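[1] Next input, structure requested:
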Amino acid sequence: MFGFFKKKKKKQEVEEKYFFVNVEIPTVLSPIDDRADAEDIIEGFLSESGLGMVDGGGTFMSDDGQPVSCQITILLNELNIKHFAQLAEFIKDNVALPKGSKLVAERDNYYSDEELKDFEDIELN
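    I've put the predicted structure just below:
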């Protein structure tokens, strides 16, 4: 009886891992129109291909409160260089982004530097 409860608790503690990827955009896109449109296009591809999902986006502000850049955060279902490159190729071909935009593998606590060594930033235009 007590073993059953231990197993159940342990199962609840397991977190699902995603591979976080960011589309970094050097200029500010309107969050209501341009960035939302880009997010929708990327989400459609990720959903159809089963590779992951869009987690959201954000705008970076300067110290004086001016918007300077934005990003779209993507959760890929697995750490896979082929899927990373496939996503970059899709974005290059289907999403109009300003010069200097890139796809970046987020360095987080889930993956070691060794696991991420092949994931270099990919220019998107």
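
[2] any residues touching stretch 99-114, and which ones?
    17, 19-27, 73, 79, 84, 87-88, 91, 116, 119, 121-125 (C-beta atoms under 8 Å, 6 or more residues apart in numbering). Glycine gets a C-beta too; all of them are placed from N, C-alpha and C.

[3] can you check stretch 58-69 too?
    For stretch 58-69, using C-beta under 8 Å, 6+ apart, the contacting residues are 24, 25, 26, 27, 28, 31, 70, 71, 73.

[4] Could you check how many residues crowd around the second one?
    The reference is to residue 25. Applying other C-beta atoms under 10 Å, we find 23 residues neighbouring residue 25.

[5] For it, give its distance to residue 120.
    Between residue 25 and residue 120 the computed distance is 18 Å (C-beta to C-beta, to the nearest Å).

[6] Repeat that for residue 39.
    On the measure of C-beta to C-beta, residue 39 and residue 120 end up 24 Å apart.

[7] So which of the two has more stuff around it?
    residue 39 (21 against 12).

[8] Next one: the more buried one from residue 53, what distance?
    For residue 39, the distance to residue 53 equals 10 Å [C-beta to C-beta].

[9] ok, now residue 36?
    15 Å.

[10] Just the element for the residue nearest to the spatial centre of the chain, please.
    Residue closest to the mean C-alpha point of the chain, counted by C-alpha atoms, centre = their mean, is residue 74 at 2.2 Å. Assigned by DSSP states H and E, residue 74 belongs to strand 67-76.

[11] which other helices and strands contact the helix or strand following that strand?
    Going down the chain from strand 67-76, the next helix or strand is helix 81-94, by DSSP H and E. When contacts are defined as 3 or more C-beta pairs under 8 Å, 6 or more residues apart in numbering; DSSP states H and E, helix 81-94 sits against strand 19-25, helix 34-49, strand 67-76, strand 102-105, strand 122-123.
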